[in-house]
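Colleague: 3D model of this:
(6 chains)
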Protein chains: 6
Amino acid sequence: MQGKVRKKRIRIVVPVSTDEWNAPARKLLEGYKDANTQIDIVNIKDGPKAIECCYDEVFAATFLVREAERAEQEGYHGVIDYCFDDPGLRAAKERLEIPIVGLCEASVHFATLLGTAFSIISAGPPDCAFTDIKDLLRLYGFADECASVRSVALPIRQLERGKQIQADRLLSEATKAIEEDGADTIVLGCGSMLVPTEEIQTLGAPVVVPGIAALKLCEDLIDMQLTQSKRAFCIPRRQSGEQA
Amino acid sequence: MQGKVRKKRIRIVVPVSTDEWNAPARKLLEGYKDANTQIDIVNIKDGPKAIECCYDEVFAATFLVREAERAEQEGYHGVIDYCFDDPGLRAAKERLEIPIVGLCEASVHFATLLGTAFSIISAGPPDCAFTDIKDLLRLYGFADECASVRSVALPIRQLERGKQIQADRLLSEATKAIEEDGADTIVLGCGSMLVPTEEIQTLGAPVVVPGIAALKLCEDLIDMQLTQSKRAFCIPRRQSGEQA
Amino acid sequence: MQGKVRKKRIRIVVPVSTDEWNAPARKLLEGYKDANTQIDIVNIKDGPKAIECCYDEVFAATFLVREAERAEQEGYHGVIDYCFDDPGLRAAKERLEIPIVGLCEASVHFATLLGTAFSIISAGPPDCAFTDIKDLLRLYGFADECASVRSVALPIRQLERGKQIQADRLLSEATKAIEEDGADTIVLGCGSMLVPTEEIQTLGAPVVVPGIAALKLCEDLIDMQLTQSKRAFCIPRRQSGEQA
Amino acid sequence: MQGKVRKKRIRIVVPVSTDEWNAPARKLLEGYKDANTQIDIVNIKDGPKAIECCYDEVFAATFLVREAERAEQEGYHGVIDYCFDDPGLRAAKERLEIPIVGLCEASVHFATLLGTAFSIISAGPPDCAFTDIKDLLRLYGFADECASVRSVALPIRQLERGKQIQADRLLSEATKAIEEDGADTIVLGCGSMLVPTEEIQTLGAPVVVPGIAALKLCEDLIDMQLTQSKRAFCIPRRQSGEQA
Amino acid sequence: MQGKVRKKRIRIVVPVSTDEWNAPARKLLEGYKDANTQIDIVNIKDGPKAIECCYDEVFAATFLVREAERAEQEGYHGVIDYCFDDPGLRAAKERLEIPIVGLCEASVHFATLLGTAFSIISAGPPDCAFTDIKDLLRLYGFADECASVRSVALPIRQLERGKQIQADRLLSEATKAIEEDGADTIVLGCGSMLVPTEEIQTLGAPVVVPGIAALKLCEDLIDMQLTQSKRAFCIPRRQSGEQA
Amino acid sequence: MQGKVRKKRIRIVVPVSTDEWNAPARKLLEGYKDANTQIDIVNIKDGPKAIECCYDEVFAATFLVREAERAEQEGYHGVIDYCFDDPGLRAAKERLEIPIVGLCEASVHFATLLGTAFSIISAGPPDCAFTDIKDLLRLYGFADECASVRSVALPIRQLERGKQIQADRLLSEATKAIEEDGADTIVLGCGSMLVPTEEIQTLGAPVVVPGIAALKLCEDLIDMQLTQSKRAFCIPRRQSGEQA
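Modeller: Numbering: from 1, shown residues only, chains lettered A, B, ... in the order given. Next comes the predicted model:
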């Protein structure tokens, strides 16, 4: 077995102002990364502690972009925008000449490769409309393949404490997604849903874990020496910080 | 002639860190507002001086949202997000309980009311991909009705100085949009395109000026006592400034 | 507060051969019109007394077009086609050089400005398929944003007598639209549904009243000095009455 | 060879107030009808002499519906709405319990059975926008398969006199449709385009003649004992002539 | 009654390696064919005995193509690919210069001519995902008009023995399709569903029988002297059997 | 750097009856595979030597499915269907419980991750309609993102001999795709286009090489322990070879 050994230094930006997800996310990703991939996890200094709607997303976006720029300057080969709302992703794609991948976009690409209709099971407050997520599906062209967006109805910051509730509701919502909404593939709709997915293997449907999906696509792009099209995501004329 | 006289105080947020567009924008809008509408124009303190791509948009978005929140606190009845990229609009729609209208969304609603296929003539650097604008069309569901996005190929901040070039190119691009792309309606794709539109009346196609379009829809919503659906744009749990 | 005072004389054509809706419609619209708008309401001489399907619509269409032509000849600045089926609207848009707005088109533009998924609650016989309305949504490009079309299941001409039944069913159907169909915005699907909308404010979703929606957009177009694109809705070569 | 011999009496309504197309249309259709089909051609008494836009269409529609109703009362088994604008078709589908087929709908069904992208070559004034035809394509769900709508740029009533011009332009426009627009199938977009289609066999693409297409589908429906779904096209409550 | 008598020799290829459906299919089709149509039914030698998924379809496809080629060589005027999965249809359309029609494509063309939303009631194992059928709907551009795909949950080869179960379930599923899924038209989704359709006339919705639908469209194309566009379905360079 | 070392044995089936592409394909893929991936390349025994249309595809499909089944039986962890027509892919997805990836599907997923509009530059005879490829785009839901399908107009089997012609035309067609069709990303549309892609780096647009794209996604799925959804691609009841 040969194969060019490409070293892949990937910066994972968790765009919330808390590091509580770093350790579990690292643990998860370490189990799936390539042998020659090295990951680093950073948070943003300011901004929301959790991202549950467009409003939160906007405040995370600028910080994400700055962290992504910094990663490029520091010589990283790729960046992961570790939030299912993909905050600031299109902006960072413009600025960066190294690949950056978001959790939502990566997940729905795998979901539509694996099946014909996916449901997203996300977290957040119980009455959430998920307009933030549905906006992304429209933007990326996957609205027609989405059977439903459902929720475990737990605020993101209670996911860790409420692990068993999360797992139970996840199984229950995913079952409804399959039986009532016609989904054949399940996507976890939040980077903080770190429930052991073995529990949901009984569904008989593939379950896409967004952090892993983004990690693999980011590694792929580095291996393939490809980055987002600079004809679609043109380099901004204005420099960061500059007010042009 | 009776008719309930509803006083309409509207805050216009020009989400760039320069006030150079305020006077001409005010002059334009004063000519189209209702008799009982009062408009105020503010800029953002920090952030880009012009918005030409997703990257610029992200940095304007947070400031726009904060200015929109302030307008609501100060008792305004409506807000206009005065930029064709609609920066932070979805976020502000979540936070606000008074109506807020963006330039792009308002323009494409009028364009599709008036015709069956519109072209947007925008400004910005010559090689611009307009991914920011095309993203919005996908998001709002108007991509199919868009015949093309074309450009006068002038950086936004040169629009005022290059007024005649702008007018000439506008006429030339709009003519190509009609003859080559099949457009029957023209949308000016930048809040700073303040060229006297009489010059383009010769096109035989309606020309939608985005600032006027947004003003009229904002007035309408206030008159109709309607605001963006709080079931689609749910109130964020997190307070502004708070890091929840 | 300055602002050009544009006088707006608007002819409202209620395309049914009864004047029973004129007084309540006038009462409704007077409460929402601009101070310098003057409205006139006329009916058609012949044709159906209510429009509940494509069949009714066809017989109203010719009369609507003739009344619209007459309004233009009499110097009106705009016309409203006061029926949710928009009978003859595309034909009138071709003939007229003043703006004409239909109830359905105006309503769905506001609905999609306010939310991301609307339901229409209409009237008519209980087993109605609403092919007339669904045809318009396809025609105008809003089928994807429509969560459902539901009915209060009252024949239009019984709406006035059955006001309380109408209000009860409206609330019940709108609730189902929101909870079962995923609507975040409600559109009343008939110009004769003149129920006090306060009763449905409890829904927590905006309710678009079609007559008001059309009035505001018609006023806007007059203020903006815009009319339907004559490149999309070309002037017919044949004169009215002429059999060319 | 057995096969149930089903007698098929088909009324062809040419919804213009001239009988100049009856003889050539009859000649064409006699060459394609089943052995046990009997066709009758009638015109409308009033209304336009040619249908070139939505405005013309509206005035033909009521008369078409009445003629279609009369055909059903007289015991015909099927009706053809012999105009590419399908005037009044949806209304007649509601009223009738025998099948009625329009020229446009029949043509696009055959075009999409035969190829993957069709162009319509129609007639009418040179600057025609064909909003009437494009509306039908949206309504019937075939807009995506339409490569272009092009024109021989002859007013309909000059088609007969200008037969050679028509044939030349048809060949020229169809060639452009194939080479420039990507069409693989051609539809003649007017019931009065009765040019010998041999001239365009050189295209190497099938050419759908709308009158023949409608005749064959109408015969099929009679043979299959199927009529338009009364669940989609519900019987109107109002009787013809009645003003309910 | 004149009308050119066109003799139509049609080869019906039932692409399964059993002749058990030939007699009942012949009986059905003889009742609907034109007086001057002659039909022949053949099976494939090898391959599956029933086609219930993409996997079965692939093994039937090559044999179907060879039989279709043979029919053309033997002077037939048209071919019917008698299976609702349309196995090998696109390939055969490339090779043949006589028309070939598939059961699924023919059925959905009639269904969308007759109504606005159809449901397919098919057969096969109870847990079937019908990805084979849904793929075809996407391919032919009819996915949006499909209200649902439902199943009588009988393996195809038990349809004949289980005729009463089939009829009962068909009625039950079609009723659910209409009442729960919004269908106004029903398509039988298998060439072997030869249940007397009188039993489902009570539905008040047209029922399209795929074999009859394909027969009529094949006869039409022969009568119209049209074949699939050789610009869409180009003649393959490689000869059958040849390994170019 | 840790990371679970997952051994990945991948069988690459080149579904043509010649091994002339095996060596160059291996050379290409060895340069991009993971360190712990082992690839094997096999051809099919019978069937076409090149796949240029639906007709060729059908004859390759059965052999592909059988080779894929054999790979699973032999303990491989994944399979690549090494042809841009993805012959037999949906069938193999049903049969297999290990992941199988096709060249077209893999390429368009990467293309839409990298940009907003892609063009495919394929090979084959000069007058090719590429209905085979366009069918797949419709099937996979990527038709709207495809700016164009263009061709180097070389028969596949001449690609190797005509390497320079291929490279020149590729550059020329890709340039037209970008400048005339609006593409921002290029996909090579044939597994045999093994031109050194450095020559097209001057385009300023990412170029997706299908074999590499499929290899990386196949490795990802194995690493993620995911396979195609058995709810979308249900296990066929019939065994291979069996004629059930």
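
Colleague: Now chain A against chain C: closest residue?
Modeller: A:Thr131 (6.1 Å; C-beta to the nearest C-beta). The C-beta positions use only the backbone N, C-alpha and C, and glycine is treated the same way.

Colleague: quick one, what contacts that residue?
Modeller: A:Cys53, A:Cys54, B:Arg90, B:Glu94, B:Ala232, B:Phe233, B:Cys234, C:Thr116 (C-beta atoms under 8 Å, 6 or more residues apart in numbering or on different chains).

Colleague: With the flanking residues excluded, which residue is spatially nearest to the residue positioned nearest the centre of chain A?
Modeller: For chain A, the residue sitting closest to the mean C-alpha position, by C-alpha atoms, centre = their mean, is A:Leu103 at 1.6 Å. Excluding the flanking residues, the one nearest A:Leu103 by C-beta to C-beta, 6 or more residues apart in numbering or on different chains is A:Pro210, at 3.8 Å.

Colleague: what about the one you found, how many residues close to it?
Modeller: 28 (other C-beta atoms under 10 Å in any protein chain shown).

Colleague: Okay, it and A:Tyr32: tell me how far apart.
Modeller: If you measure A:Pro210 against A:Tyr32 using C-beta to C-beta, to the nearest Å, the figure is 12 Å.

Colleague: Check A:Gln164 too.
Modeller: 24 Å.

Colleague: what does A:Ala213 give?
Modeller: A:Ala213 sits 10 Å away from A:Tyr32, taking C-beta to C-beta as the criterion.

Colleague: and if you look at A:Ile12?
Modeller: 12 Å.

Colleague: did I read that right, A:Ser119 in a strand?
Modeller: Yes - assessed by DSSP: H, G, I helix; E, B strand; the rest coil, A:Ser119 belongs to a strand.

Colleague: close enough to count as contact, it and A:Glu179?
Modeller: No - counting by C-beta atoms under 8 Å, A:Ser119 does not reach A:Glu179; the two are 10.8 Å apart.

Colleague: Which of these two has more residues huddled nearby?
Modeller: Counting neighbours by other C-beta under 10 Å for A:Ser119 and for A:Glu179 shows that A:Ser119 has the greater number, 26 against 9.

Colleague: Quick check, the residue in chain A closest to chain D?
Modeller: For chain A, C-beta to the nearest C-beta, closest residue to chain D: A:Asp144, 13.0 Å.

Colleague: Could you find the closest non-adjacent residue to that residue?
Modeller: F:Gly141 (6.3 Å).

Colleague: Give me the pLDDT for the one you found.
Modeller: Looking at F:Gly141, its pLDDT stands at 97.

Colleague: Is the helix or strand harbouring A:Asp56 in proximity to chain C?
Modeller: Taking DSSP states H and E as the definition, A:Asp56 sits inside helix A:54-73. No - Helix A:54-73 lies out of reach of chain C by C-beta under 8 Å from any C-beta of the partner chain, never closer than 11.6 Å.

Colleague: right, is that helix up against chain B?
Modeller: Yes - for helix A:54-73 and chain B, the contact criterion (C-beta under 8 Å from any C-beta) is met by A:Cys54, A:Tyr55, A:Asp56, A:Glu57, A:Val58, A:Phe59, A:Ala61, A:Thr62, A:Val65.

Colleague: residues contacting the second one?
Modeller: Listed by C-beta under 8 Å, 6+ apart, the contact set of A:Tyr55 reads B:Val65, B:Ala91, B:Ala92, B:Glu94, B:Arg95, B:Pro236, B:Arg238.

Colleague: For chain F, state which of those residues is nearest.
Modeller: For these, the minimum distance to chain F (C-beta to the nearest C-beta) is 22.9 Å, reached by B:Ala91.

Colleague: by contact count, what packs against the helix or strand harbouring that closest one?
Modeller: Using DSSP H and E, B:Ala91 maps to helix B:89-95. Judged by 3 or more C-beta pairs under 8 Å, 6 or more residues apart in numbering or on different chains; DSSP states H and E, helix B:89-95 is in contact with helix A:54-73, helix A:131-140, helix B:54-73, strand B:78-81, strand B:100-102.

Colleague: quick one: contacts of that helix?
Modeller: With contacts defined as C-beta under 8 Å, 6+ apart, helix B:89-95 is touched by A:53-55, A:57-58, A:131-132, A:135, B:61, B:64-65, B:68-69, B:72, B:79, B:81, B:100, B:102, B:105, B:228, B:232-236, B:240.

Colleague: One more pass at 7 Å, please.
Modeller: With contacts defined as C-beta atoms under 7 Å, 6 or more residues apart in numbering or on different chains, helix B:89-95 is touched by A:53-55, A:57-58, A:131, A:135, B:61, B:64-65, B:68-69, B:81, B:100, B:102, B:228, B:233-236.

Colleague: Could you pull up the residues touching A:Tyr76?
Modeller: A:Arg9, A:Ile10, A:Arg11, A:Ile98.

Colleague: And A:Trp21, how far from B:Gly162?
Modeller: 49 Å.

Colleague: Does A:Arg6 touch A:Asp223 like I think?
Modeller: Yes - at 5.5 Å, A:Arg6 counts as touching A:Asp223 under the criterion of C-beta atoms under 7 Å.

Colleague: near chain E, which residues of chain A show up?
Modeller: Residues of chain A lying close to chain E by C-beta under 7 Å from any C-beta of the partner chain are A:Thr116, A:Asp184.

Colleague: Please parse chain A into its domains.
Modeller: With domains defined by automatic domain parsing, chain A comprises A:8-103+A:212-223, A:104-209.

Colleague: Need the pLDDT of the closest residue to chain E within chain A.
Modeller: Going by C-beta to the nearest C-beta, chain E is nearest to A:Thr116 of chain A, at 6.1 Å. Among the per-residue scores, A:Thr116 holds a pLDDT of 98.

Colleague: how about the nearest residue to it, chain neighbours excluded?
Modeller: F:Ala232 (4.7 Å).

Colleague: what about the one you found, distance to C:Pro236?
Modeller: 51 Å.

Colleague: of these two, who's got more company?
Modeller: F:Ala232 (23 against 20).

Colleague: what's the distance between the more buried one and A:Val207?
Modeller: F:Ala232 is 14 Å from A:Val207, by C-beta to C-beta.

Colleague: quick revisit: mean neighbour count, the domains of chain A: which tops it?
Modeller: Across the domains of chain A, the average number of neighbours (mean count of other C-beta atoms under 10 Å in any protein chain shown) peaks for domain A:8-103+A:212-223, which reaches a mean of 23.

Colleague: For it, what does the pLDDT average out to?
Modeller: On average, domain A:8-103+A:212-223 scores 96.

Colleague: and the end-to-end length of stretch A:182-201?
Modeller: 18 Å (C-alpha to C-alpha, to the nearest Å).
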